[in-house]
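Undergrad: A structural model of the following input is requested.
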Amino acid sequence: MLGIKQDALAWELGEDWNQQKVSLLEQKEAIEPILLQKLSLALKIPVEAIQNFDEEKAVNIISNTFHGTQGLINYNPLASEIN
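TA: Now for the predicted structure:
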């Protein structure tokens with residue numbers, strides 16, 4: 001959901017981590033508290049966000065927030081430099 005690749009997360013977690021180990025971690029039903037704290041720091045989100053994560057709710061929030069380009073501002077930072 002955060003768009004972080006497994007390799008990048010493994011790098012953030014330390015040298016004893018790799019993409020395959022992160023992949024296995026994603027399949028776990030429960031994560032030990034110490035590892036949960038490391039993940040929280042690496043992802044820069046609160047532990048509670050991981051503990052209370054509900055994928056269905058997250059997808060609903062995202063889909064209900066953005067509908068095509070509705071609500072998005074058409075911003076071109078180069079346009080102000082041209083004038």
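Undergrad: Read off the pLDDT value for Gly14.
TA: Gly14 carries a pLDDT value of 92.
Undergrad: Can you report how many residues lie near it?
TA: For Gly14, the count of nearby residues is 9 (other Cβ atoms under 10 Å). No exception for glycine: its C-beta is placed from N, CA and C like everyone else's.
Undergrad: which residue ranges form the helices in the protein?
TA: With DSSP state H as the criterion, the chain has helices at 6-13, 19-26, 33-43, 47-51, 55-65, 79-82.
Undergrad: among those helices, which gets the worst mean confidence?
TA: Among the helices of the chain, helix 79-82 scores lowest, at a mean of 51.
Undergrad: Lys21 and Pro46, how far apart?
TA: Distance of Lys21 to Pro46, given as Cβ to Cβ, to the nearest Å: 23 Å.
Undergrad: Those two: which has the busier surroundings?
TA: Lys21 (13 against 10).
Undergrad: which one is that one nearest to, not counting chain neighbours?
TA: Spatial nearest neighbour of Lys21, excluding adjacent residues (Cβ to Cβ, 6 or more residues apart in numbering): Ala10 at 6.6 Å.
Undergrad: All good on my end, thank you.
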